[in-house]
Every structure is written in C-alpha cells, then in structure tokens.
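1. show me how the following folds:
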Amino acid sequence: MPGMVLFGRRWAIASDDLFFPGLFELFLRVLWWLGILALYLRYRGKLECARGVLLSNYMVVLMVLLAVIICTMLAIVYVSTRGKKEQAAWLAGAVGWSAVLYSERLPSSFWTGSGAGADCNHGFRCEAANIAAELKTVYISNVYIVYTFFNIILDFKSVGDQLQVGTAEARASDSLERFQHRTKGRSSGGLKTAATSVWEKRVKLLCCCVEQDDQARMAFSSTAELFSTYFSDTDLVPSDLVAGLTLLHQQQDRVRKNQAPKEVISHSPGSSQEDGLDAELENCRHYMPFAAAAYGWPLYVYSNPFTGLCRLGGDCCRSRTTEYDVVGGDQLHCHSGSVLRVTGLQHRDFIHMSFHDKVYELPFLVVLDHKKECVVVAVRGTLSLQDILTDLSAETENLDLGCEVQDCSAHKGMSQAAKYLYRRLVSDGILSQAFSVAPEYRLVIVGHSLGAGAAVLLAMMLRGTYPHVRCYAFSPPRGLLSKSLYEYSKDFTVSLVLGKDVVPRLSVTTMEDLKKKILRLIANCNKPKYKILLRGCWYGLFGGNTDDLPTELDGGDHRDLTLPLLGEQSLLTHKSPGYRSNDSPLESPTKYPPLYLPGRIIHLEEEGTSGRCSCYSAQYSARWSHESEFSEILIGGKMLTDHLPDILTKALDRVVSNREACISCPTPGGSA
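-> Residues are numbered from 1 along each chain as shown. Modelled structure (predicted):
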C-alpha cells in the first residue's frame, strides 16, 4: 500500500504495516494494564499522604486510557489484515488518536510523579515502599512515549509534504491522467530537486568519515541523483519492497522448475581448443587467489575466523624491511602477511603493494607469477565506504582507448578508478619496473567485484602498449560496458560468475526491471501483506509449494484476484517511463544507458537444491554463458553469499577438481 497520510503529510509506513507492531504493542499494553490494576488493588488503601489521592486517581485514569488504547489497537490490528485501500484513512485516524492519547498523558505523568515524590520527601504519611511502587508505574508509562518518538523518526519521510500535496490533488481530480498532466512540471522540477537534496544529505551523513574532497563531493552528488531518480516515481514503503521480493523469489523458482535443462558447451563459441572451458577454469583457479589477496587481512581473517589472527600475529608484529614498494595503510605489515599467505609467493616476487583507499582510487598489487610467467596486477573490490561511493557513481562516461570502437562508454566510477590505476602503473613506472625484472613475461590483470570492473577497463587502456594483455574478472558488475565495448572485451577477458550472484546482474537497467516486477506482483496479489511476509520467511528457510500464490506474471487464470493487496495506479506518484514502456530506464537515457558484463562468461551453476541455509555443500557445474542470461536479478538466499570471494574460491576449486577427476567421462551436450 502507499504510505499513510497522517498529520497532513505522507509517511514511510503503510496501513497494512501495522499488524506486527500492533500485535506487539497489544501484548505489552495488556500486560501493562493488568500490572497497574494489580498495583492499584494492592495499594489503593495505603496512600494516605496529601497527594496520594491524586496519584491513585492518576492510576485510574491511566487504566481507562490504556483500555481505550487496547480497544483501538485491536481494531487497528484487525483492519490492517484486510489490505484494502479504502481502510487506510480509518487506520490513519486511529493512529492519530492514539498519538494524541500518548501526548496528553506525558505532562500529567511527570506532574503526578513529581508531586507524589515531593510529598514523600517532606515526611507525609505515605510509606516509602508504596510510593516507590507507584512512581515506577508513572515512569514506566513514559517509556513507550520515547519508543513512539523513535518510530516517528524512522518513519518520517523528508519529502512527505510534497508527496502529500500530489496525493491530495490526485484524490480531488476525476482521473489520474488529469492529475499527471497538472503535476508534471512540479514532479520533474521541485519534487525531484527536493528529493535529490534529501538523498545527498543522507549520503553525506552515512559517509561522514569519508574525506570531503572534490572526488567525494562528485560521488555524493552522483549517488543522490541516482537514488532520487530511481525512487521518485513510486510511493512504496519498505515493507512493500520486502513483500515484492518475497513474491518474486517464489515466482522465479516456479518458472525455473518448468524450464528445460540448459545445454553444456565445453568451448566458448569462436574460441580455439586451447581456450576451452577446462583451460580457462584452470586459469581462473590459478588467478583467483591474487584477486582475493588484494583485499588484505580483513578477508583473510574472515575466511579463517579461528586461525587467521594467530597466523597473522607474527607478521603484524615483526619489523621487516621490504624489497618492494608499499603505499599506505600497512604500517603493521598485516596486509603484507595475508597477501603472502593467500598467494603462496615469496617477498622477492612482489613489485608494488598499494593500500591507499579513496573515492575513485582503489588499492592494488603488482607481483611476478613465475608459474604462469606473467606480471599480475590485482585490483581490490568493495571493502570501504569510499568503494561503495565508487560503485554508486553509476552514470556513464566515454573512454579514450585509441581504438576503432564506436561507443566507448562505461560506468563512471569504475572508469575513474581505472584511470587512477593507469596513472599509477604507467606514469609512476611500476609496470616498467616489473618488466625490467622479467621482460619476457606477459601482463595479466585480475580483480573481484568492483576490482573486476576496474581491471577490465584498465586492460582496455593498456592494450595499446601491451597487446597480449589478459584480464580475468571475478564476479564483475553487469552495469560496466557499452554493447560495443562488451564485444571488444571478448578477445582478452574472461568473466567468472557463481550461481545467483546479484552483482553480475546488477545495473540501472536491471534494477528498473526489478522495480517494475515488484510493482506488478504486489499490485496483483490477493494475500494480505502479513501473510506474504510470514510465508516468505518459511519459504526462504524450508521451501514449499510455489503454485498457490496467483499472480499476473505467468499469464494464467486470475479470476480469483478479487482483493488486490495494492492498487497498481496508486503505486506511482507520476508516470514512470521505465514502468510503462520498454524504453531506457529512469529519466535520462543518455545518462543511464544499458550496460553489459565484460568478455566471455563462465557460469558456475548450482546443481539441484543443496539446502537453503548452506553455502558450502552446494555442487556446481561450469558452462559458457551469454551475457543475456544475466539480464535479470534472481532473488534467493544465495544472491549475496555467492558473491563472496571465499565462497567463489571454494566453488571454483570443487568444480575444477571434479572435472579433473572425471575428465574422461561424457557430459551432457559434449565432452569435458
């Protein structure tokens, strides 16, 4: 449901969100009322001080108010389960009257309690134990008022006054089209500016510890504009999003069960025998530790929670003179120790290690890999607030690659990071130093997540100088390259994706598609929201049947959809181009064009269902995939864990080991 209208503005909570908090409050109120009743019956004849009668009367009034509130909460809980839009106004009125009852009791509580305490302190005939018991009821009665104010802060919508103005006009107009025509200028102007300003303040508050330089301010602005543009055309509350994701998870599982098995291709289309699947999987397994090592000691300790700190203890406390360059953030040598342990290299194999971390400036490693005879540049992925701001700078910018590719646009944040890496490697002479030690070696660039995106763009920039450069991108983001650059990257880039990993499916385009699907699902589901959430929790933990939840996404018979949870039109404060058409998402097609995954893509796909709560027992098969297979965000319990470097490393090791053990066994669709 859309946000509630309360006290003349719209809030970030819907009327059908009151079921669970209503039950919780109802439980506390009943216990509270029974406790005060017991105290009143026990002490009513023992309050003989001057204001004891006043305190006794206060308890009577308090019990009456609590009884009214309990009856109100019973009605709120009941009506909130109905999920009807026309009941939202009634619920808003009930909540408003409850808030008035709370606010009126606040001064009287303090006044009565302070008066009773003063009488006791001046030697009146009240027993101290009795007065103390009564005072506890007075002060405890104010705890919920603080709790209420805290919830008000959480549910406060900073642009709720502008949204409420638009909603009032929509209700007064005879049709939604007339309202949209009347508010079109204001929606695209003042409301969007206000929302952008609010989002920028939020981002700055969350990133208050980030150095406020020009790059950070540019990232704040980009992030705020992205969020305000993405959320400005909907009137959804957080619980709507959770309910929509729950429904989408079950709907996707139902579709996947009905799909035919995919053909396993052992060689990438157009590739030679030596670039087959087995060879590239072995290369990925070899270079993955370098990408993981770029994260330094935090990932090492996370991957080895019981022994990591002990293993690194000696390295962190040992004073050592390094033979390679170390820049920023490794005063105790903890990063260096973890890198050595993860890669298995020696000190003499390292050329440069940078742990300098700012917005658009990523840490990286440069090492000599004697086994593969190459110079490896490993770029770190997302690990800090600065990295998140780099990720969220999602608009595109053009790259000057000096090649014949027509459209050289790419993700702005990762493009800026790649330019920084290029300056460090080339201008500072780091690559020249590495190849002076091993001139016959070739160049390989690797990275995970954000580091994978920056690594691909860096490889493109260096290809003119190092034509044999190779790039291995582990779990790269989808919103990275234009269509032309995606085709161009196939010659030198291999991407590895695990399971339902959300990042290789994440872009502005797919997020807009996800919003559209969520809107359709919650608008056409006939279940109350509390049932959707409860059933979703059960399904996520234990599974279940996906066929008993009718929606309009699969083209079936929907005559039983007589009680929609939400009205589809009411979800939009103004018409959303991405929702009503297949055009480019959001409001600026030139700023947020469709972007794609890099290179040839290997997908490690889960076989069967290995248990919803386990991230380690799953079995995976490897296959070449087309980038179009990652054009939809898949909802599931592993959509986040499949992105973790240690989970990817274990899955990759298991897949390669299994394929080596069964190298002579036939596989569906071809030989191994």
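
2. please make it C-alpha for all contacts and neighbour counts, starting now.
-> Fine.

3. can you pull the pLDDT of Asp428?
-> What the model reports for Asp428 is a pLDDT of 90.

4. would you point out the helix or strand in this structure whose mean pLDDT is lowest?
-> Every helix and strand in the chain was compared by mean pLDDT, DSSP states H and E; the lowest is helix 577-580, with a mean of 38.

5. number of residues surrounding Thr390?
-> Neighbours of Thr390 under the rule other CA atoms under 10 Å: 30.

6. could you measure from it over to Ser449?
-> 12 Å (CA to CA, to the nearest Å).

7. same check, this time on Val376
-> 17 Å.

8. now swap in Ser222 and tell me
-> Distance, Ser222 to Ser449, by CA to CA: 20 Å.

9. quick one, which of the two is more surrounded?
-> The neighbour comparison of Ser222 against Ser449 (other CA under 10 Å) goes to Ser449, with 25 against 21.

10. for the record, mean pLDDT for the helix or strand harbouring Val366?
-> Using DSSP states H and E, Val366 sits in strand 364-369. The predicted model assigns strand 364-369 a mean pLDDT of 94.

11. not counting that strand itself, show me its contacts.
-> Here strand 364-369 makes contact (CA atoms under 8 Å, 6 or more residues apart in numbering) with 294, 349-355, 374-380, 434.

12. what lines up beside that strand in the sheet?
-> Each strand paired with strand 364-369, and its direction, by DSSP bridges: strand 350-354 (antiparallel), strand 374-379 (antiparallel).

13. okay, those strands in a markdown table with mean pLDDT, distance to Tyr472 and mean neighbour count next?
-> Formatted as a markdown table, the strands paired with strand 364-369 follow (pLDDT from 0 to 100; distance: least, CA to CA, whole Å; neighbours: other CA atoms under 10 Å):
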| stretch | mean pLDDT | distance to Tyr472 | mean neighbour count |
| --- | --- | --- | --- |
| strand 350-354 | 91 | 19 | 22 |
| strand 374-379 | 96 | 10 | 28 |
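
14. which one of the ones you listed lies closest to Gly344?
-> strand 350-354 (11.4 Å; CA to CA).

15. alpha carbons of the closest one, as PDB, please.
-> Extracted in PDB, the C-alpha atoms of strand 350-354 (Å, rounded to 0.1, in the frame of the first residue of the first chain):
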ATOM      1  CA  PHE A 350      56.300  -8.500  -5.200                       C
ATOM      2  CA  ILE A 351      56.900  -5.300  -7.100                       C
ATOM      3  CA  HIS A 352      54.400  -3.000  -5.600                       C
ATOM      4  CA  MET A 353      51.600  -3.100  -3.000                       C
ATOM      5  CA  SER A 354      49.200  -0.100  -2.600                       C
END
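
16. okay, now Pro439: neighbour count?
-> Neighbours of Pro439 under the rule other CA under 10 Å: 12.

17. how near is it to Leu431?
-> From Pro439 over to Leu431 (counting by CA to CA), the distance is 10 Å.

18. okay, and the common contacts of these two?
-> Common contacts of Pro439 and Leu431, defined by CA under 8 Å, 6+ apart, are absent altogether.

19. circling back to that earlier point, which stretch among the strands paired with strand 364-369 comes nearest Asp642?
-> Closest approach to Asp642 among those is made by strand 374-379 (19.5 Å; CA to CA).

20. residues in contact with the closest one?
-> Outside strand 374-379, the residues that touch it by CA under 8 Å, 6+ apart are 290-291, 294, 362-369, 434-435, 441-448, 451-452, 454-455.
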